[in-house]
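Novice: Below: sequence and its predicted model.
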Amino acid sequence: MIPEKSRISQGQFMFVVVQSQVGVGILSLPNKVQASAKGGGWISVLIAGLAIQVIILILWALCKQFPSDTIYSFLPKITGKYLGNLLSFAYISYFLLSAGTVLAKFADVVERWILQETPRWALLILSLLTCMYLAMENLRVIARLFVISSLTIIVMLVLTLMGYVNVNFSYIFPITEAGWGKIVKGATEALFPLVGYEIILVIYPFVEGKSGGKLKAASLGNMLITLFYAFEVFTCLIIFSPAVMSEVPEPLLYMLKGFSFQLIQRIDLIFLSVWVFVVSTAMVAWIYMATVGLGRFFHRGEHKKAVPYAMFILFILAMMAQEPSISDFFDRMLKIGHYTFVVGLPLILLCFTYLIRKRRT
Amino acid sequence: MKRIYCLCAVIFILLFMTGCWDQDLLKNARLIFGEGFDLAPNGKLQSTFLIRDVPASEQQSPKNDIIFTVGNTTRETRDHADDQISRHLRGYKNRIILIGEEMAKQDIYPILDFFYRDPKSALNARIGVTKGKAADIFSLKKVGNVLIGEEIDELIKSKEETTTVPKVTVEKIYPIMMDPGEDFVLPYLVEKRGRVDVSSIAMFHNHQFTGVLTPDESIMYLLLKDQKGKVTRFTRKINIRNGHQNSNDFLTFNVDKSEQKMKVLIQSGNQITVKLDLKWKVNIIEYPKDRLNEKKMVTQLNQYLSKEMTDLAKDTLKKMQKARCDGLGIGRQLMAFHPRIWKTQKEGWDSNYQKVHFAPVIQVEITKKGIIN
C-alpha cells in the first residue's frame, strides 16, 4: 500500500504534470517548429498537445487497471516476472536518459548565455546537488514544491508579454504556407519538448481520489502547458521574421535580450534565472520516476537510496553529451524511446490486459 | 549530522568557485559608450570607440576617452583598441552605434554580426548613420556641457518622441534586415558647427544605405508607417485665395491623432497598387495671419492642408521608391497575403518595387486651435 505521507491530491497531481512537462524544450521549440511548419508553428504545438491528450488517455486507461501499482509493479503482473523486470529496467534507462539530456541541454544553454567561463562539471554538480536535495524527499514534498514553482510560469508569461511592444503579425501569414503535411511534421517536433507526462505511469497510485478525477487533472495540466507553449511559439513567430527564426536557436531569450527597464538592462538573464527553476523541477520529476524503479529493485522500495548513484549516472551522461555527435545520438535514442515506451508499449500492454480480463471472465 | 556538514561545505565551495570563472568586475572594465564604424582608405574598417570613465568620487564629472583603430572586422578593431588601453574593454553598456556614410553604402550586416552573436552585447543600443565620418562626430567630444555620447543618445531619444526619426535599436532592425520583403530606416546624423543635428532619416535597401529623406518627408514616412511619436509638427506655407485679398503666410500644426489604413491591391496585369488612407486630427499651433473663428475658413484650410499633405506623401513615397527602400514592407504584405503574386515578383523585387503604384490620401481635420481663435 502507499504510505499516507507520500499521497498527493489531484490538484497537486495537475501541477506535477505541468512541471514535468515544462523543461528545456521551451527555449528552442519555436525555432524547431518554425523550421518545418513556418507560420503555422503554433498550430503544430496545438496538434502536439492533442496527440499527447490521446497518449495520456492510453496511459490512464492502463494505470486504471492497476489502481495501487506503479508501472514497475504492474509490468510483471502483465508480462510475467522476467520480461516485466526487463521492461522495468528499460523504462528506468529511458527515464535516466531523459533526465541526462535535460541536464545536458540545460548546461549548454547556461554555458552559452550566462556562464561562458565556468567549466561544465561545476554547472552540472551545482544543479544536480539542488535536484538531489529535492528528489530524495517523498512525493508529497516534491509535489508541494512543484505547486509553488508553477508561479514561475506566470512570471515567464509576463516577461514574454513584453515582446508585444514590437510585433508584426504579417510574419505568420500565410499560415498554411508550409502545407498541412509540414505542420503535422512540426507537431512531431513539438511532441518532445512536451514530454514528461509519462510521470502518470509512476505516480498514478499515489494520487488520491477516483480515476476520472485523475484523468481530468492530468488533462488539464497538459492543456495548460500546451496553451502556454503555443503562446510562446506564437509570440516568437510574430516578433522575428521567418529569415531570422532560423538564425536564432533560442528565440524567446533573444527577443528579451533587446528589452530593458530603467533598473534592469538584461531581461533575458531574469528569464533564464526563472527558467532554471522550471528546468530543475522537470529534472527532479525524471529523477523521481527513475529512482522509484531503482528503489523497488534494490532498496526495498526506498527510492531515496537510489538517488545518489542515479545522480552520478546523470553526471556522466551530461558530460558525454558535450560532444555534439553524442548529444544527437541521445536525442535520436530518446525519440525512439519515447515512441516505444510511452506510446507503443502502453498501447500493447493495454490491449493485453483487456484480453486477459476477457479470457478470465 | 556529518552528511549535512559535508553537503554544506560542498555547496559553499561550489558557490564561491563559480564566481572565480565568470567574474567580470566593473572596476577591471573600461566601458564602451559608443562605437563608430567608417571605411578606412584601404578598404578596411576604421572603428572609433568612445570610452566612458566613471569617476571615483561623485563630485568629479565623468570623462570620455576616444580610441581609433583600423582592422578587418569589428571584433578585430575592438581587440586592437583593447591593446591600447589599460584594463579590459567591455561592450555590454554600449549605447550608440554610428555608421559613417561611406561604410553604410556597403553591406552593414558584417559589422553588426558580432553584436548579434555575442551573448553579452547590448542589443538595445541605438543605431544611426552619420553624414561624413562617424569618427568626426565622436571627435566633437563635448556639445555644450554635455559629453558627446550622452548628447547623441538623448538627442535621438527626444527626436523619436517628435516623430522625426524611427525608434530603432540594434535588435529591432534585425528581423527586418533579414526579411527580403521589408527594409529598415535609421536616424541620419549631421554635424553642424560643433553640434549634432538629427532631423532626417537614412533609407536602406538590402543592408545598404541608399538615400536620405528631408525632415518633413521623414515625419511623413513615420506617419505613413503609423509610428507616430508624442509630438508631430509640420509648418506649411498657406496660400489661399480668401475673398479679394491674397493671404500668404505660414501655419504650424501638430497631428494629434493619425489613423492609418494600408491596403495592397492587385489589379489586372499584376499591377500592385497600395492604397494608403490617413485621417488626421490636427491642432493649429501657430497661425498669425488669420482668425480661425469662421467655419468656412476652417474647411478651406482643411482642404488645403489635405492636398498639401497628400502631395508630400506622394513625394516621400516617390523618393523611397527611387532609393529602392521598401520601408512600408509592401513585399512583406505580398508575401503574407498574396503569396502567389510574391512568387512572380520575388525575382528582382528591387526593380518591381519601383513599379508599385502608391495612392496616398490624407484627410486633415482641424479640431483644435489653441486657446485663442
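Specialist: Received, thanks.

Novice: Can you give me the pLDDT of the residue in the stretch 51-200 of chain A that chain B sits nearest to?
Specialist: Nearest residue of the stretch 51-200 of chain A to chain B: A:F173, at 3.4 Å (CB to the nearest CB). Just so you know, the C-beta spots here come from the backbone N, C-alpha and C atoms, and that holds for glycine as well. Listed pLDDT for A:F173 reads 79.

Novice: Same check on B:V361?
Specialist: Per-residue pLDDT puts B:V361 at 90.

Novice: Shouldn't it be within a strand?
Specialist: Yes - read with DSSP: H, G, I helix; E, B strand; the rest coil, B:V361 is one of the residues of a strand.

Novice: what's near enough to touch it?
Specialist: B:275-278, B:310 (CB atoms under 8 Å, 6 or more residues apart in numbering or on different chains).

Novice: Same check on B:E35?
Specialist: B:E35 touches B:47-50, B:91, B:94, B:96-98, counting by CB under 8 Å, 6+ apart.

Novice: Could you pick out the residues of chain A near chain B for me?
Specialist: A:112-119, A:122, A:125-126, A:129, A:166, A:168, A:170-174, A:177, A:239-244, A:247, A:257-260, A:265 (CB under 8 Å from any CB of the partner chain).

Novice: Go again with 7 Å.
Specialist: Residues of chain A found near chain B, taking CB under 7 Å from any CB of the partner chain as the criterion, are A:112-113, A:115-119, A:122, A:125-126, A:129, A:166, A:170, A:173-174, A:177, A:239-241, A:243-244, A:247, A:257-260.

Novice: just the buried members of those residues?
Specialist: For the residues of chain A next to chain B, a burial check counting by 16 or more other CB atoms under 10 Å in any protein chain shown picks out A:113, A:115, A:118, A:122, A:125-126, A:166, A:170, A:173-174, A:177, A:239-241, A:243-244, A:257-259.

Novice: Inside helices: which ones of those residues?
Specialist: A:113, A:122, A:125-126, A:239, A:243-244, A:257 (DSSP state H).

Novice: what about B:Y92, how many neighbours?
Specialist: By other CB atoms under 10 Å in any protein chain shown, the residues close to B:Y92 number 15.

Novice: Kindly indicate whether the spatially closest residue to it that is not a sequence neighbour is helix, strand or coil.
Specialist: Using CB to CB, 6 or more residues apart in numbering or on different chains and skipping the chain neighbours, the partner closest in space to B:Y92 is B:K120 (4.9 Å). Under three-state DSSP, the three-state class of B:K120 is coil.

Novice: Quick check: phi and psi on B:K120?
Specialist: Per-residue torsions, B:K120: phi -100, psi 0 (degrees, to the nearest 10).

Novice: Looks like it contacts B:K93 (just checking).
Specialist: No - checked against CB atoms under 7 Å, the pair B:K120 and B:K93 is beyond contact range at 10.2 Å.

Novice: Please see if stretch B:121-128 touches chain A.
Specialist: Yes - contact of stretch B:121-128 with chain A (CB under 7 Å from any CB) involves B:123-124.

Novice: what's the first-to-last distance across that stretch?
Specialist: End-to-end distance for stretch B:121-128: 17 Å, by CA to CA, to the nearest Å.

Novice: That stretch - what's its average pLDDT?
Specialist: On average, the pLDDT along stretch B:121-128 is 88.

Novice: So, low pLDDT: which residues of the chain?
Specialist: No chain was given, so I picked chain A. For chain A, the stretches with pLDDT under 70 are A:1-2, A:361.

Novice: wrong one, chain B
Specialist: Scanning chain B for pLDDT under 70 picks out B:14, B:16-19, B:56-58, B:240-248, B:290.

Novice: residues from it in reach of chain A?
Specialist: Proximity of chain B to chain A is confined to B:10-11, B:14, B:17-18, B:21-22, B:119, B:123-124, B:169, B:171-172, B:174-176, B:178-179, B:332-333, B:336-337, B:339 under the rule CB under 7 Å from any CB.

Novice: Next step: those residues restricted to strands.
Specialist: Judged by DSSP state E, those include no members of strands.

Novice: Quick check on these: which are buried?
Specialist: Restricting the residues of chain B next to chain A to buried positions leaves B:18, B:119, B:123-124, B:169, B:171-172, B:174-176, B:178-179, B:332-333, B:336, with burial counted as 16+ other CB under 10 Å.

Novice: what does stretch A:251-268 contact?
Specialist: A:26-27, A:30-31, A:113, A:159-160, A:162-163, A:232, A:236, A:239-240, A:245, A:248, A:270-272, B:123-124, B:169, B:171-172 (CB atoms under 7 Å, 6 or more residues apart in numbering or on different chains).

Novice: Quick one: end-to-end length of that stretch, please.
Specialist: Termini of stretch A:251-268 sit 11 Å apart (CA to CA).

Novice: which parts of that stretch are buried?
Specialist: A:251-259, A:266-268.

Novice: Kindly report the same for stretch B:348-366.
Specialist: Buried-residue list, stretch B:348-366, by 16+ other CB under 10 Å: B:349, B:352-353, B:356, B:358, B:360, B:362-364, B:366.

Novice: now, which of the residues you listed sits nearest A:N85?
Specialist: Distance to A:N85 across the buried residues of stretch B:348-366 (CB to CB) is lowest for B:W349, with 64.6 Å.

Novice: For burial, what's the neighbour tally of the closest residue to A:H338 other than its chain neighbours?
Specialist: Leaving aside its chain neighbours, A:H338 sits nearest to A:V195 (6.0 Å; criterion: CB to CB, 6+ apart). Neighbours of A:V195 under the rule other CB under 10 Å: 23.

Novice: Identify the spatial nearest neighbour of B:A313, chain neighbours not counted.
Specialist: In this structure, B:A313 finds its nearest non-sequential neighbour in B:P360, 3.9 Å apart by CB to CB, 6+ apart.

Novice: Using the record, which stretches count as separate domains in chain B?
Specialist: Split into domains by automatic domain parsing, chain B comes to B:23-213, B:214-373.

Novice: for the residue in the stretch 201-350 of chain B that chain A sits nearest to, what are its contacts?
Specialist: Nearest to chain A in the stretch 201-350 of chain B, going by CB to the nearest CB, is B:A336, at a distance of 3.4 Å. Shown in contact with B:A336 (CB under 7 Å, 6+ apart): A:170, A:173-174.
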